[in-house]
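> Please work out how this folds:
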Amino acid sequence: MTDILDKPSPPAPIVAPPADAPGDASKPQRLMPALILVAALAALGIFAGPWALVIVGAILVSVFLHELGHFLAAKQAGMKVTEYFLGFGPRIFSFRRGETEYGVKAIPAGAYVRIVGMSGLDDVDFEDEGRTYREKGYWKRLRVVLAGPAMNFLIAFVLILVVFIAYGEQRPSNWKVATISVASAAESAGIQPGDRLVSIAGEPTTSFAAMGDIVHRNAGKTVDVVINRDGQIITTTTTLGWALSQTGAAQLIPLQGGDQIRSVNDVSVASYADAAAALSEAPAGPASIEFSRSGHLYRAEVSAPLTLPTDGAQGFLGVSQELPRAHYGLAASVSAAGSNFLDLARASVQGFGKLFSPAGLGNYVNTVFSTGPSQSGAEARSAAAQQQAGITSLETDAPPAVSGVSEASQDRFVSVVGIVGIGSQLGKEGLVAVLMLLAMVNFFLGLINLVPLPPFDGGHAAVATYEAIRGLITRRPYRADMAKLMPVAYGVFGLLVFVGLSSLYLDLVDPIQINP
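Okay, here's the model as predicted:
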């Protein structure tokens, strides 16, 4: 999606006669790219689903609006803009208004505007020299190059605001019970979906996280549970279950935090203390552990005897949460959207820094060269990962206990194909999830365009700032030699090509799953 604003512009092309001109020989030549584009979009909708078309269309609109920011700022600054196109490659449709040609090209991989004199390398007619980018003052040039990223940030904020106005916000304090685990403490207590848990063991459950803390502290204890069911207060009693904490699971690899041990060497265990005693007294050698994960039974082996830590268990109630959305007025929605936008900004900057750190780039390169296509898809990879981990399913319909998708492999660059895939998955959850994804995509587009290296918009801003500082020091106008910056631009462009192709490869052979 790199726009041609960010590259030295070639000499202006010869403009073909208007498409509706008599005897226009270009019509048949333009018809074929248009038909190919329509066929490609139709195939995308058929094979990837309607949400894929929505995501592709939304990304194209975002890129178009990014370029609109550059376009409007350039016009306002008195610069000459010769082209404003959606897409690249052969022209499908174009028309001229004044000095600017507008149109659509066959490859929907972005958009661009062409501003005269983006660098000293451009050949410009003498009469246009005063309207070039390079001849304008610092603040006008800075506004032009930053208008694109600013448009992406604005789009992100507007999308978040639409979500808060139309759908409201999910407040942690409004949580309700969504589902009940089979044979759990919640089931024995008579808790039902839609209930609001008021307190457990006399402590208020102000949020799902607070409820979890209370349950963890009272693992294995019999406690009172106060329920609000449609305004009716009900008090019941149950004995909380238990599951491994991260500390306990660390001693029982391949088990994980949240797993519930059912037996050790085919002897049932009713508590964490029973499991710890059984493992510490087991004969030397492999010990067979039967455990439950996400409601399914599995078996694994660990080396015995084994001493488990005293804090290796946490409580287990057996409920999941539902977060109803609370609606605000306009002013409160703007405030909440602004807070959410700042949270998105912090997360994006942190993620950006992590990806481009030496460790992040090293992990990414390792992921690219260690990931290959699987003949059986994600389920086969998961099954293989489970077998490698030494886990056996005890139910014929149990899903693999190991996803086969490492955290490192998910922490990677994502191509447009990956974004479309993620968006298609989120579309099943509703429009809110898709809108928030598009807000995140727009913010990241704005952020990456602020990188102070050519050919990014931030690179143009850095050059303009450097020229302004040199001009202040020397007390005369200064323009950087863009020819000297071309190696940097080519290097960054090469990195972009590598990231683009490698992320596309990963998204094709190992697509990211929202719930792997």
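> in the stretch 51-200 of the chain, which segments are predicted with low confidence?
Applying pLDDT under 70 to the stretch 51-200 of the chain flags residues 120.
> mind listing what's buried in stretch 359-367?
Neighbour-count burial for stretch 359-367 flags 360, 363-364, 367 (criterion: 16 or more other Cβ atoms under 10 Å). All C-beta spots, glycine's among them, are computed from the backbone N, C-alpha and C.
> Mind putting those residues into TSV with secondary structure, distance to Lys354 and pLDDT?
Below are the buried residues of stretch 359-367 laid out as TSV (DSSP: H, G, I helix; E, B strand; the rest coil; distance: Cβ to Cβ, whole Å; pLDDT from 0 to 100):
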residue	secondary structure	distance to Lys354	pLDDT
Gly360	helix	5	82
Asn363	helix	9	83
Tyr364	helix	10	84
Thr367	helix	14	80
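> just curious, which of the residues you listed is nearest to Phe157?
Comparing the buried residues of stretch 359-367 against Phe157 with Cβ to Cβ places Gly360 closest, at 27.1 Å.
> Could you tell me how far the closest one is located from Gly351?
As for Gly360, its distance to Gly351 is 9 Å (criterion: Cβ to Cβ, to the nearest Å).
> same check, this time on Ile422
Taking Cβ to Cβ, one finds Ile422 at 15 Å from Gly351.
> Please identify which of the two sits among more neighbours.
More crowded of Ile422 and Gly351, by other Cβ atoms under 10 Å: Ile422, with 22 against 15.
> Once you drop chain neighbours, what's closest to the more buried one?
Distance criterion Cβ to Cβ, 6 or more residues apart in numbering; nearest residue to Ile422, sequence neighbours excluded, is Ile512 at 6.1 Å.
> thought the one you found was touching Gly421?
Yes - using Cβ atoms under 8 Å, Ile512 is in contact with Gly421, at 6.8 Å.
> of the two, who's got more company?
For Ile512 versus Gly421, the count of surrounding residues by other Cβ under 10 Å is larger for Gly421: 22 against 17.
> excluding its backbone neighbours, what's nearest the more buried one?
Spatial nearest neighbour of Gly421, excluding adjacent residues (Cβ to Cβ, 6+ apart): Pro511 at 5.1 Å.
> Is Phe71 in contact with Thr82, as I believe?
No - judged on Cβ under 8 Å, Phe71 makes no contact with Thr82 at a distance of 11.2 Å.
> Looking at those two, which one has more neighbours?
Phe71 (26 against 17).
> mind checking the SS state of the closest residue to the more buried one other than its chain neighbours?
Leaving aside its sequence neighbours, Phe71 sits nearest to Val113 (Cβ to Cβ, 6+ apart; 4.9 Å). Assigned by DSSP: H, G, I helix; E, B strand; the rest coil, the conformation of Val113 is strand.
> What is the burial count for Val113?
27.
> so it makes contact with Leu65?
No - the criterion here is Cβ under 8 Å, and Val113 misses it with Leu65 at 11.9 Å.
> who touches both of the two?
Shared contacts of Val113 and Leu65, defined by Cβ atoms under 8 Å, 6 or more residues apart in numbering, are not found at any residue.
> Just give the nearest non-adjacent residue to Pro286, would you?
Nearest to Pro286 is Glu301, by Cβ to Cβ, 6+ apart, at 4.3 Å.
> What's the local residue count around Trp175?
Neighbour count of Trp175, defined by other Cβ under 10 Å: 23.
> these two touch, right, it and Leu323?
Yes - contact criterion Cβ under 8 Å: Trp175 and Leu323 qualify, at 5.6 Å.
> Pop out the phi and psi values for Ala313.
When read as degrees, to the nearest 10, the backbone of Ala313 gives phi -120, psi 160.
> next one: Arg196
Dihedral angles of Arg196 (phi, psi; degrees, to the nearest 10) stand at phi -110, psi 120.
> residue contacts, the closest residue in space to it that isn't next to it in sequence?
Excluding its sequence neighbours, the residue lying closest to Arg196 (Cβ to Cβ, 6+ apart) is Asn228, at 4.2 Å. Counting by Cβ under 8 Å, 6+ apart, Asn228 touches 195-198, 234.
> do Pro149 as well
Pro149 sits next to 66, 69, 445-447, 449-450, 457-458 when contact means Cβ under 8 Å, 6+ apart.
> do Leu146 as well
Leu146 is in contact with 450, 457, 461, counting by Cβ under 8 Å, 6+ apart.
> would a markdown table of the residues you listed with secondary structure be doable?
Output for the contacts of Leu146, formatted as a markdown table (three-state DSSP):
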| residue | secondary structure |
| --- | --- |
| Leu450 | coil |
| Asp457 | helix |
| Ala461 | helix |
